[in-house]
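> fold the following and give me the result.
(chains A and B)
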Amino acid sequence: MNITLNGAACETAATDLAAALVELGFADAVVATAVNGAFVPAAARGDFQLNSGDQIEVLAPMQGG
Amino acid sequence: MRPFYGTQLANGLMLGTAQYPSPSILADAFRRSGAGVATVSLRRESGRERAGQDFWALIRDLGVPVLPNTAGCHSVKEAVTTAHMARELFGTKWIKLEVIGEEDTLQPDVFGLVEAARILAEDGFEVFPYTTEDLVVADRLLQAGCEVLMPWGAPIGSGMGLNNLFGLRAMRAHFPDVPLVIDAGIGLPSQAARAMELGFDAVLLNTAVAKAGDPAAMAEAFAIAIRAGQMAAEADPMEPRDMAVPSTPLIGKAFL
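Prediction:
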């Protein structure tokens, strides 16, 4: 299905968020996720079903002041 | 120094991690300053580059408490969602809450700030609100559940120092038991020392160190200045006065 990952269009064969993260290169990465503007905790990713057109944000620790 | 949500910091320097010329210079700055807190943020991660993973490893090696921020957030919803992501990512209830309301000055949207602070405090966060020196807003933030206040010294990244000494002094006097941090606008160690002399508990800064020619040396200079200012505040400074008073005793002066 077509989704948006961090603002860029992309495709995934996964149907849930946890599987999509693995497929998109985030296996074992320390990241936090939100779908369509709502936070999805790590423990809930496996049960979170994705729909075509979903906007996924994957954030990681970054420099800040 | 007053504790921050029950945590006693090693010192009153909260140092940002952005804009350093290299990761090793960042690490040097933290080592030389012994900063009590490292401020960090969250940004989009690329599945290929995974830059955030390397940064996180570097920060963990510093062994310093981290204070994640909601920098760049302009709405309550954005700030609250970012805070939730930060809590999971960094494993801390601490959040430096920024809700920006004005682009030129990066002034906080104090209305959104109070609302976001209330939502987060009710959800168990320990909120460090980046605010103005407005006493009414400060009171609302405390009512919302904040136990720390972080008034700006001057606009973020400006290096102008303490723009409103009267307002900052008034804030210290109004809230004698609240841990107060000067956040933003500090450009020189003397300005940080002044903040501590006023009785503030910590100073949060980033650009002044990261953009210095020698960031590690500047970080140490700030650490020394902050310690000096804190010692001075604890030593109960003299009251200034308008007219001269001789410091050498007049008794026994020779009649010449």
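
> so who does A:Ile3 touch?
Shown in contact with A:Ile3 (C-beta atoms under 8 Å, 6 or more residues apart in numbering or on different chains): A:Ala9, A:Cys10, A:Glu11, A:Thr12, A:Ala20, A:Leu50, A:Ser52, A:Gly53, A:Asp54, A:Gln55, A:Ile56. Just so you know, the C-beta spots here come from the backbone N, C-alpha and C atoms, and that holds for glycine as well.

> out of those, which are inside strands?
A:Ala9, A:Cys10, A:Glu11, A:Gln55, A:Ile56 (DSSP state E).

> quick check, stretch B:59-75 touching chain A?
Yes. With C-beta under 8 Å from any C-beta of the partner chain as the criterion, chain A is reached by stretch B:59-75 at B:Ile59, B:Pro68, B:Asn69, B:Ala71.

> name the nearest of the contacts of A:Ile3 relative to A:Phe39.
A:Ile56 (11.9 Å; C-beta to C-beta).

> count of neighbours near the closest one?
By other C-beta atoms under 10 Å in any protein chain shown, the residues close to A:Ile56 number 22.

> and it, bridged to which residues?
A:Ile56 has these beta-bridge partners by DSSP bridges: A:Leu5, A:Val35.

> residue contacts, it?
A:Ile3, A:Thr4, A:Leu5, A:Asn6, A:Leu17, A:Ala20, A:Thr33, A:Ala34, A:Val35, A:Leu50.

> can you tell me which of those is closest to chain B?
A:Asn6 (4.1 Å; C-beta to the nearest C-beta).

> now do the contacts for that closest one.
A:Ile56, A:Glu57, A:Val58, B:Arg44, B:Glu45, B:Ser46.

> mind giving me the PyMOL select for the residues you listed, buried ones only?
Buried members of the contacts of A:Asn6, defined by 16 or more other C-beta atoms under 10 Å in any protein chain shown, are picked up in PyMOL with:
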select buried, (chain A and resi 56+57+58) or (chain B and resi 45+46)
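
> got TSV for the contacts of A:Asn6, with distance to B:Gly6 and pLDDT too?
Below are the contacts of A:Asn6 laid out as TSV (distance: C-beta to C-beta, whole Å; pLDDT from 0 to 100):
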residue	distance to B:Gly6	pLDDT
A:Ile56	36	96
A:Glu57	32	95
A:Val58	33	96
B:Arg44	33	93
B:Glu45	32	90
B:Ser46	37	86
